[in-house]
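Visitor: show me the folded form of this:
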Amino acid sequence: MMLYSLSALALLFVLAAVALPAEAAADTPPGKIVYPPARRGDTSDEYHGTKVPDPYRWLETADAPETKTWVEAENKITEAYLAAVPARAAIKDRITKLWNYERYGTPFKEGGRYFYSKNDGLQNQSVLYVADVPDKAGRVLLDPNTLSKDGTVALSGYAISDDGKFMAYGLASAGSDWNEWRVKSVETGKDTGDADHLKWVKFSGASWLKDGSGFFYSRYDEPKKGEELQQTNYYQKLFFHKLGAPQDQDTLVYQRPDQKEWGFGASVSDDGRYLIIYVSQGTERKNRVFYKELGSGGLSAPVVELLPDLDASYSFIDNDGPVFFFQTDKNAPRGRVIALDTSKPEPVKNAREIIAEAAETLQGVGLVGDHFLASYLKDASTQVKVFDLSGKFVRSVDLPGIGTAGGFGGKRSDKETFYAFSGFTTPTTIFKYDVPSGKSSVLRAPKVDFDPARYETKQVFYHSKDGTRVPLFLVHRKGLKLNGANPTLLYGYGGFNASMTPFFSTTTVTWMEMGGVYAVACLRGGGEYGEAWHEAGKKLKKQNVFDDFIAAGEWLIANKYTRPDKLAISGGSNGGLLVGACLIQRPDLFGAALPAVGVMDMLRFPKFTIGWAWTSDYGTPDNPDEFRALYAYSPYHNLKPGKKYPATLVTTSDHDDRVVPAHSFKFAAALQHAQSGSAPTLIRIETDAGHGAGKPISKSIEEIADRYAFLVRALNMTVPAGFGK
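Guide: Next comes the predicted model:
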């Protein structure tokens, strides 16, 4: 069962934009680049008495001939620049070799069968399998690689009926957030027919009725032709699709014409008795929860507004008859578990605490084998604790070390569950966990072409501008000399309650093979320390995030890990905004910047696709105080002609309908206009790709290799002998 909501998906593709150096740097610095002409128009807007120029407004029209000409010219210049880097091919070859290993997803059980994903190594998309037992090879249920020649069709979500007979699944093309859903017979592997073809689905999963007669999903009205990738997304509706019936006969389950910003996610309880309706509003972590009692009224049952106030985060865990278990941060910024008895008057007022707030941040809770499995973050590393149904602590799950663990799903009647564990130098390993005994056993362990014993991971803490203590992960080869000369890549995100935890990436390994230091800062705005940490990096406090990132760079320099001309910064999406703002605020601190699919125009972001939803984190330019804060750091608006900015490679995609490419187009054009130094300011625009989710591996490898080839010259790098061997 999969459940999506706007709060989970509106922005939160955390792009692991890891940089990596290459072979020897060019003998001479690059000459002056002649950038494509970019007309500076006289368009402007007035906000609360302030006139704001927008000279590159025309680049918002992606399909206009002038924009297409500019995009083509920019890509040609970038390609020519990167092609001149001798190590580009070697970088790509090494990334490809490291990436070519067998990878598995975490399995789950439904209808007596086990479902899991697997990638043989360099398949553009992972393949979905079904098996009778978890530790034996299964059969292919869906191979997205057969759906397009270039691997640009991706499996975006799926849900298995309780009896294991049918699978509803969504496909995304060219990286778009728009999905088309179909239904497949698990037994035959064949689609059920065109009647079960659903369109205009976005930010939605699917949840089956207990009898397998159909499933719930959410969608929008069909957008205007030609505006599919830019039109704002309002008025999401919740539907029920009956198996075998055409979409135009789907039952409208819930809508709110008076609330255009409300989004809906639906989940059928494991006992089949209730339909839980999550009501999100933008990317706000807070949500409402309604429900229908299907057991008594079916689809026509009234909607009960159980938690009608947008006052906290509530996540339904399971139920014991009319008693609902929720994970929430209501009156507990780091999270707790409560029980609401819906059969009694005022269930919210009489909520019963099951698991109290801890010193660590509660990330997720599953109810498996009549035990709560609670996942916590302690200084951005996973801990898992087991409690009985009364909330009594039973044991901790023994994890392999400092890293990130995820999974622990299943049903209350299950005795086993599965989880994945990953660290910066630990490839994602799949474990089986026996709930009664508390023992973990390795189910799938990958074999990657590197020696983890040669590297080390450590966590340090530094102080930001206002004295706040911030965690920083450091990964590098053992025996690193702190001589201030190490090429270093600093990554961050800092927003939307997203936690930066240890993760394995072959590109990080490549970077370290080349002598680089990889650093991840756990900035305010994230969720590492609960809602208070998130709130400290929102709206009028967003500058704290940039201060935290800048302070991380200063710490790395002060402690002799690197120096400014060897320090690169990287981030994607909200992290792209982070990089854009910091390279402008402290151009002297960084040698290179890699902003990917970033939100760069902080005054017009609400006008495209799902951008309006981000106002819960950023604020809105319609509010005078928030406008001033946004305008003060908006990357597009704060570039100053005549200043020397660090070498910058902006990356975006032509089908990004999450953060529309106009953000990167306008920023790149303005940066090229403002740059007075000799450092290159380039943009790479990927075709037939989106915000990042579902991108084919072949395209990912090419893009990463290009980023790192760019850094070779920007950081004047020399790669150790024997690289890639």
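
Visitor: with just CA atoms, put stretch 135-142 into CSV.
Guide: Output in CSV follows, covering the C-alpha atoms of stretch 135-142 (Å, rounded to 0.1, in the frame of the first residue of the first chain):
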residue,chain,number,x,y,z
ASP,A,135,15.2,-15.2,-0.2
LYS,A,136,14.7,-16.9,-3.6
ALA,A,137,14.7,-15.4,-7.1
GLY,A,138,11.2,-14.3,-8.2
ARG,A,139,9.7,-13.7,-11.6
VAL,A,140,9.4,-10.4,-13.4
LEU,A,141,6.1,-8.6,-12.8
LEU,A,142,6.9,-5.3,-14.5
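
Visitor: show me how far it is from its chain's centre.
Guide: Centroid separation for stretch 135-142 versus its chain: 27 Å, with Cα atoms, centre = their mean, to the nearest Å.

Visitor: and for stretch 34-46?
Guide: 32 Å.

Visitor: now do the strands in the stretch 1-150 of the chain.
Guide: With DSSP state E, counting those that start in this stretch as the definition, the stretch 1-150 of the chain shows strands at residue ranges 44-47, 50-53, 103-104, 108-110, 113-119, 127-131, 139-142.

Visitor: please apply the same query to the stretch 301-450 of the chain.
Guide: According to DSSP E, counting those that start in this stretch, the strands that the stretch 301-450 of the chain contains are 304-307, 314-320, 323-328, 336-341, 352-355, 361-368, 371-378, 381-388, 393-396, 404-407, 416-423, 426-434, 439-444.

Visitor: and Ala266, which of those strands is closest to it?
Guide: With Cβ to Cβ, the closest approach to Ala266 among the strands of the stretch 301-450 of the chain belongs to strand 314-320: 10.8 Å. Just so you know, the C-beta spots here come from the backbone N, C-alpha and C atoms, and that holds for glycine as well.

Visitor: list the buried ones in that closest one?
Guide: By 16 or more other Cβ atoms under 10 Å, the buried positions in strand 314-320 come out as 314-319.

Visitor: report the secondary structure state of Ala519.
Guide: Put simply, Ala519 is strand when judged by DSSP: H, G, I helix; E, B strand; the rest coil.

Visitor: now the residue nearest to it when sequence neighbours are not counted: how far from Gly571?
Guide: Spatial nearest neighbour of Ala519, chain neighbours left out: Leu490 (4.7 Å); criterion: Cβ to Cβ, 6 or more residues apart in numbering. Computed as Cβ to Cβ, to the nearest Å, the Leu490 to Gly571 distance reads 9 Å.

Visitor: any common contacting residues for those two?
Guide: Counting by Cβ atoms under 8 Å, 6 or more residues apart in numbering, Leu490 and Gly571 have no common neighbour.

Visitor: so which of those two has more stuff around it?
Guide: Each of Leu490 and Gly571 has its neighbours counted (other Cβ atoms under 10 Å); Gly571 has more, 31 against 28.

Visitor: wait, a strand at the more buried one?
Guide: Yes: with three-state DSSP as the criterion, Gly571 is part of a strand.

Visitor: ok, it - contacts?
Guide: Contacts of Gly571 (Cβ under 8 Å, 6+ apart): 15, 17, 491-493, 577-579, 594-596, 598.

Visitor: by mean pLDDT, point me to the weakest helix or strand of this structure.
Guide: In the chain, no helix or strand scores lower on mean pLDDT, DSSP states H and E than helix 6-9, which sits at a mean of 36.

Visitor: how long is stretch 135-151 from one end to the other?
Guide: End-to-end distance of stretch 135-151 (Cα to Cα, to the nearest Å): 28 Å.

Visitor: contacts for it, please.
Guide: When contacts are defined by Cβ under 8 Å, 6+ apart, stretch 135-151 is touched by residues 114-116, 123-132, 153-155, 158, 167, 169, 171, 173, 184, 186, 189, 432, 443, 688, 696-699.

Visitor: can you check stretch 248-257 too?
Guide: The contact list for stretch 248-257 (Cβ under 8 Å, 6+ apart) reads 198, 216, 235, 237-242, 262, 264, 266, 275, 277, 290, 292, 299, 303.

Visitor: show me where the stretch 501-650 of the chain has strands.
Guide: 517-521, 567-572, 592-596, 647-653.

Visitor: got TSV for these, with mean pLDDT too?
Guide: Below are those laid out as TSV (pLDDT from 0 to 100):
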stretch	mean pLDDT
strand 517-521	98
strand 567-572	97
strand 592-596	98
strand 647-653	96
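
Visitor: got a quick PyMOL command for the buried subset of the contacts of stretch 248-257?
Guide: The PyMOL selection below is limited to those of these classed as buried (16+ other Cβ under 10 Å):
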select buried, resi 198+216+237+238+239+240+241+242+262+264+266+275+277+290+292
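
Visitor: the contacts of stretch 248-257 in strands, which ones?
Guide: 198, 216, 237-242, 262, 264, 266, 275, 277, 290, 292 (DSSP state E).

Visitor: tell me which element Ala721 falls in.
Guide: Using DSSP states H and E, Ala721 falls within no helix or strand.

Visitor: going forward, begin numbering at 46 instead of 1
Guide: Will do, 46 is the new start, and the previous item becomes Ala766.

Visitor: could you measure from it over to Glu558?
Guide: 11 Å.

Visitor: neighbour count: these two, which is higher?
Guide: Of the pair Ala766 and Glu558, Glu558 is the one with more neighbours under other Cβ under 10 Å, namely 22 against 6.

Visitor: and the residue nearest to that one when sequence neighbours are not counted, helix, strand or coil?
Guide: Closest residue in space to Glu558, ignoring its immediate chain neighbours: Phe768 at 6.1 Å, by Cβ to Cβ, 6+ apart. Counting by three-state DSSP, the backbone at Phe768 sits in coil.

Visitor: Phe768: neighbour count?
Guide: What Phe768 shows, counting by other Cβ under 10 Å, is a neighbour count of 18.

Visitor: any stretches of the chain with poor pLDDT?
Guide: For the chain, the stretches with pLDDT under 70 are 46-76, 700, 733-739, 769-770.

Visitor: care to break it down by domain?
Guide: 51-142+495-759, 419-493 (automatic domain parsing).

Visitor: closest one to Arg330 among the ones you listed?
Guide: Arg330 lies closest, by Cβ to Cβ, to one member of those: domain 51-142+495-759, at 4.9 Å.

Visitor: coming back round to it: correct me if wrong: the residue nearest to Ala564 contacts Ala596.
Guide: No: Leu535 is beyond contact range of Ala596, at 10.9 Å (criterion: Cβ atoms under 8 Å).
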